[in-house]
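Asker: Need coordinates for the below:
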Amino acid sequence: YTKQYSIDKGHTWNPYPEEGFDVTENGTAVYVRLYDGINGGSYASGTVNNIDRLPPKEFIPKVSAVGATTLTLEGSTTDAEATNVNGMSGEIKYYFSIDGGASWEPKDEKGQEVGQTSGTYTFKNLTRETKYSNLKMKAEDKAGNVYITTASISGTTTIETYQITYNANGGNGGPTSAQTKYYGKTLKLDETKPTREGYTFQGWATSQANANAGTVTYAAGADYTANAGANLWAVWKIITYTISYNANGGSGEPQAQTKQYGVTLKLDETKPTRANYTFQGWSTTKARADAGTIDYAAGANYTANAGATLWASWKLATLDLLASTKESDWTVYRINSHGTVIASAANNKLYLSDGTYGNYGTMALYKQIDVTNYSKLKMTVSGGGYYIGIYFGLFKSAPNVEFPGTNLGGNIFVRRLWFSRRLDFCFWRISI
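Answerer: Numbering: from 1, shown residues only. Predicted coordinates for the structure are as follows:
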């Protein structure tokens, strides 16, 4: 069977909808039957009276409260045809609009307008840009009759706002104007980054003290959610450079140092060491160091805004053959004019301080000295009327020989004898 109804005294039968059907005229006879597809059978009937055809009574809603991001609209009315016939009178549902009736609140979880029996509703999460001059309420009675009215409002409603400003903190550029933060709304901070010579931008701090301490609270373009104003300060990190040291064949070089942009660095005063070499200073490349080109002394000021590896520059040490020793280091012999030992000169005196090496005759001095790593041999002699000679031999090639002194009336000559890692040194002089 199917359920059918008729509102024209049985001339036309319609399927009976579950949600019911509308009757618009009082005195209308309504028939209802069960139909098996062939026979309609008997039907029940009744007459409709006291139809509710009027909307709820007029009323004027008002704005009753305004919060930081809220606005409360309220109003109430009654059913214009409150006959209380068949439960059709009395109940009113209210709807609220902040956009002139384009949409209505409240809604269910599916976004459907459902209305409410209370005549008070609070709009939330509003922004300052919203125009509040077209607030409306809708009242609907149980019969579906609707009355829509505009709320009474004086002026405009202000939502709380906050200003976000920027300070480059010694830099340049960056955001040029403040931003407005609205209560309850997330603000995306300006993505523009300031610049500062010799520094890198790290982000924004909420105070100058925090910025100078390197405490970053917000990155450029970050979300700002606080319901408060702020003056954001740029956080800077000074550019640094590493100054390292290479002993270049020696040892004991200083640890690396950090140079800050624009700040003079005092180089480490520590000097490396190398056997039989004298440290000359530091060079900016190995080639310069090996060529003896000195760029910085130990402990010098370094002002360049650049990193560097400083290379030790070395000079082979100079050995003063006589001044570097004492009298007892030498063996003294009596020799002839050809340099041949003829007698021990143990009784002859040797004076290294004044260049007098005996009281009579001809004498020779002999000592074996390791000069492998020396670049220069030095002999300090003085006096007059003597032949002064040096015999020596060493590994690879002979070093330079200096003969500082005055009034050398005789001859000075040098002869290489043989090659060895040690120098067999013989000095003699002949009286004339």
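Asker: Check the burial of residue 57 by counting its neighbours.
Answerer: Neighbour count of residue 57, defined by other C-beta atoms under 10 Å: 16. For glycine as for every other residue, the C-beta is placed from the backbone atoms N, C-alpha and C.
Asker: That one reaches residue 76, doesn't it?
Answerer: No: with contact defined as C-beta atoms under 8 Å, residue 57 does not count as touching residue 76 (9.9 Å).
Asker: Just the buried residues of stretch 71-80, please?
Answerer: For stretch 71-80, the neighbour count (16 or more other C-beta atoms under 10 Å) marks 71-75, 77, 79-80 as buried.
Asker: Stretch 138-152 too?
Answerer: Those buried within stretch 138-152 under the rule 16+ other C-beta under 10 Å are 138-141, 143, 145, 147, 149, 151.
Asker: Pull the most distant pair out of those residues.
Answerer: Farthest-apart pair in the buried residues of stretch 138-152 is 143 and 151; separation 24.7 Å (C-beta to C-beta).
Asker: those strands in the stretch 151-300 of the chain, which residues are they?
Answerer: 161-167, 172-173, 179-182, 187-188, 194-195, 199-205, 223-224, 230-238, 240-246, 257-260, 265-266, 277-283 (DSSP state E, counting those that start in this stretch).
Asker: Now render those as TSV, adding mean neighbour count, mean pLDDT and distance to residue 113.
Answerer: What follows is the strands of the stretch 151-300 of the chain, written out as TSV (neighbours: other C-beta atoms under 10 Å; pLDDT from 0 to 100; distance: least, C-beta to C-beta, whole Å):
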stretch	mean neighbour count	mean pLDDT	distance to residue 113
strand 161-167	17	92	31
strand 172-173	12	92	50
strand 179-182	18	86	27
strand 187-188	13	94	32
strand 194-195	17	96	50
strand 199-205	20	97	44
strand 223-224	14	96	33
strand 230-238	20	97	40
strand 240-246	16	98	64
strand 257-260	15	97	66
strand 265-266	13	98	73
strand 277-283	21	94	83
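Asker: Throw those into a markdown table and include distance to residue 2, thanks.
Answerer: Shown next, in a markdown table, are these (distance: least, C-beta to C-beta, whole Å):
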| stretch | distance to residue 2 |
| --- | --- |
| strand 161-167 | 63 |
| strand 172-173 | 79 |
| strand 179-182 | 58 |
| strand 187-188 | 61 |
| strand 194-195 | 79 |
| strand 199-205 | 73 |
| strand 223-224 | 61 |
| strand 230-238 | 71 |
| strand 240-246 | 89 |
| strand 257-260 | 93 |
| strand 265-266 | 100 |
| strand 277-283 | 107 |
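Asker: out of these, nearest to residue 90?
Answerer: strand 179-182 (42.0 Å).
Asker: The closest one packs against which elements?
Answerer: strand 161-167, strand 187-188 (3 or more C-beta pairs under 8 Å, 6 or more residues apart in numbering; DSSP states H and E).
Asker: could I get it in PDB with only the CA atoms?
Answerer: Provided in PDB are the C-alpha atoms of strand 179-182 (Å, rounded to 0.1, in the frame of the first residue of the first chain):
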ATOM      1  CA  GLN A 179      51.800  46.500  10.200                       C
ATOM      2  CA  THR A 180      48.400  46.200  11.800                       C
ATOM      3  CA  LYS A 181      47.700  43.100  13.900                       C
ATOM      4  CA  TYR A 182      44.000  42.400  14.600                       C
END
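Asker: begin at 33 from here
Answerer: Got it, the first residue is 33 from now on, which makes the last one we talked about strand 211-214.
Asker: Sheet partners, orientation included, of that strand?
Answerer: The pairing partners recorded for strand 211-214 under DSSP bridges are strand 193-199 (antiparallel).
Asker: residues in contact with the strand it pairs with?
Answerer: 160, 206-207, 210-215, 219, 221-222, 226, 236, 240, 256, 258-266 (C-beta atoms under 8 Å, 6 or more residues apart in numbering).
Asker: CA atoms only for that strand, dumped as PDB, please.
Answerer: Extracted in PDB, the C-alpha atoms of strand 193-199 (Å, rounded to 0.1, in the frame of the first residue of the first chain):
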ATOM      1  CA  THR A 193      44.100  46.300  16.800                       C
ATOM      2  CA  TYR A 194      47.900  46.500  17.500                       C
ATOM      3  CA  GLN A 195      50.800  48.100  15.600                       C
ATOM      4  CA  ILE A 196      53.900  46.100  14.700                       C
ATOM      5  CA  THR A 197      56.900  48.400  13.900                       C
ATOM      6  CA  TYR A 198      60.400  47.600  12.900                       C
ATOM      7  CA  ASN A 199      63.800  49.000  13.900                       C
END
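Asker: can you give me the angle it makes with strand 231-237?
Answerer: With axes from the mean of the first three to the mean of the last three C-alpha atoms, to 10 degrees defining the directions, strand 193-199 sits at 160 degrees from strand 231-237.
Asker: quick one on the thing from earlier: could the buried residues of stretch 170-184 go into CSV alongside distance to residue 199?
Answerer: Compiled in CSV, the buried residues of stretch 170-184 are given as follows (distance: C-beta to C-beta, whole Å):
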residue, distance to residue 199
170, 51
171, 54
172, 56
173, 61
175, 65
177, 62
179, 56
181, 51
183, 44
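Asker: can you tell me which of these lies nearest to residue 81?
Answerer: residue 175 (13.7 Å).
Asker: any weak-confidence spans in the stretch 233-382 of the chain?
Answerer: Residues of the stretch 233-382 of the chain meeting the criterion pLDDT under 70: 350-382.
Asker: Can you show me the helices along it?
Answerer: 240-244, 318-322 (DSSP state H, counting those that start in this stretch).
Asker: ok, and for the last one, which residues are buried?
Answerer: It stands for helix 318-322. Quick answer for helix 318-322 (16+ other C-beta under 10 Å): residue 321.
Asker: For it, give me every contacting residue.
Answerer: Taking C-beta under 8 Å, 6+ apart as the rule, helix 318-322 contacts 278, 280, 314-315, 327, 343-346.
Asker: hmm, which two among those are most spread apart?
Answerer: Across those, no pair lies farther apart than 327 and 346, at 14.5 Å, counting by C-beta to C-beta.
Asker: Settle it for me: which of the two has more neighbours?
Answerer: Comparing residue 327 with residue 346 by other C-beta under 10 Å, the one with more neighbours is residue 346, at 23 against 18.
Asker: what residues are up against the nearest residue to that one once chain neighbours are set aside?
Answerer: Spatially, and ignoring its direct neighbours in sequence, residue 346 is nearest to residue 309 (4.2 Å; C-beta to C-beta, 6 or more residues apart in numbering). If you count contacts by C-beta under 8 Å, 6+ apart, residue 309 has them with 281-282, 346-349, 405.
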